[in-house]
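Chemist: Give the three-dimensional model of this entry:
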Amino acid sequence: METQTNSPQVAANLDVCETYPQDLINAGNPISEARARESIGYYLAATTGPNDPEHIFGFEYGLNTLRTFMEQIDDYNKNAGEKIVAVRIYHAVSIRPNDASKTPRRDEILIPVLESGNDLYKVAPIVGPPIIVGDTRPCPNQCKLTLLTE
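Modeler: Here you go, the predicted model:
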């Protein structure tokens with residue numbers, strides 16, 4: 001499939017939360033492959049596209065990392081007064097532990113969200129073992145995959 005070239009106007013999401021249910025535990029929905037292709041196509045049309053090797057437009061987390069993350073959330077919720085009900089994804093820039101060049105690179109950070117809508121952490125300082133996931137694998141254009149862009 002070719003990348004979409006006539007994408008809709010990209011608007012700021014400043015008021016979009018007003019149109020969504022406030023039920024954080026059920027935030028998000030499964031979407032079809034067609035909708036995923038269309039949405040990624042719109043994004044790529046509004047940016048430098050999929051062929052720019054410097055343009056990271058996707059990130060990966062391993063299933064074991066996500067399982068551990070969810071187990072930590074389940075363990076936290078067993079004794080918590082205010083439960084974790086969602087996960088917020090933050091755009092970030094980080095130096096990966098195994099990157100010998102120590103080059104800051106785009107990343108995504110997963111932070112648990114409490115029933116109140118507040119992050120579990122104010123991100124700094126963190127005391128105790130954190131329930132945070134980062135150090136994503138940049139993909140697909142930097143790992144030679146063509147996921148959803150063919």
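
Chemist: Quick check: chain neighbours aside, which residue is closest to A27?
Modeler: Nearest in space to A27, with sequence neighbours left out and distances taken as CB to CB, 6 or more residues apart in numbering, is A86 at 5.4 Å. (Glycine included, C-beta is placed from N, CA and C.)

Chemist: Name the residues of the helix ranked longest in the chain that are buried.
Modeler: The helix that spans the most residues within the chain, counting by DSSP state H, is helix 63-79. When burial is assessed from 16 or more other CB atoms under 10 Å, helix 63-79 yields the following buried residues: 69, 72-73.

Chemist: Over to stretch 106-125?
Modeler: Judged by neighbour count (16+ other CB under 10 Å), stretch 106-125 contains these buried residues: 107-114, 119-120.

Chemist: Mind putting these into CSV with distance to P53 and pLDDT?
Modeler: What follows is the buried residues of stretch 106-125, written out as CSV (distance: CB to CB, whole Å; pLDDT from 0 to 100):
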residue, distance to P53, pLDDT
D107, 17, 86
E108, 19, 88
I109, 23, 87
L110, 26, 89
I111, 29, 88
P112, 33, 89
V113, 34, 87
L114, 39, 89
D119, 33, 86
L120, 35, 87
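
Chemist: I appreciate the help and will end here.
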